[in-house]
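In: Here is a sequence together with a model predicted from it:
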Amino acid sequence: QVQLEESGGGLVQPGGSLRLSCAASGLTLGHYHVGWFRQAPGKEREGVSCIGRSGDVTYYADSVKGRFTISRDNAKDVVYLQMDGLKPEDTAVYYCASEPFPCSAQEMVPALMDYWGKGTLVTVSS
């Protein structure tokens, strides 16, 4: 059974940082492109960032560019999302997902993802 699991969410003040992790069981995450998505209350799930299998390709939504950094450690089979300069509008449940297609802005569509984690809540508030 394939499971992805996110961790690292929590409550942080505006301007603070968090690092999310995505790990998997039942598949080797290093064989997949991986995307991070988020869903705020009352809003649709949106793509945040993705990374290619080898880490050579990355994509960021305009709303997080320059503040978030995606990376992966294939030796540990983990994908990270470093989030700096957090804003209240970053508050959402964050999900990681495995992508069958190469990481790009065009492929960051929830319906195109293979497997999903259950999400981790990030709350940015003073």
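Out: Looks like it arrived, so ask away. All figures in this text were calculated on a predicted structure; none of them were measured in a lab.
In: and residue 106, which of the three is it?
Out: Three-state assignment for residue 106 (DSSP: H, G, I helix; E, B strand; the rest coil): helix.
In: what's the burial count for it?
Out: 10 (other C-beta atoms under 10 Å). Just so you know, the C-beta spots here come from the backbone N, C-alpha and C atoms, and that holds for glycine as well.
In: if I look at residue 125, how far off is residue 11?
Out: Counting by C-beta to C-beta, to the nearest Å, the separation of residue 125 from residue 11 is 7 Å.
In: quick one: low-confidence parts of this protein?
Out: Counting by pLDDT under 70, the chain shows no low-confidence range.
In: got a list of what the spatially most central residue of it touches?
Out: Among the residues of the chain, the one closest to the centroid is residue 36, at 2.3 Å (C-alpha atoms, centre = their mean). The neighbourhood of residue 36, defined by C-beta atoms under 8 Å, 6 or more residues apart in numbering, consists of 20, 22, 47-50, 70, 79, 81, 94-97.
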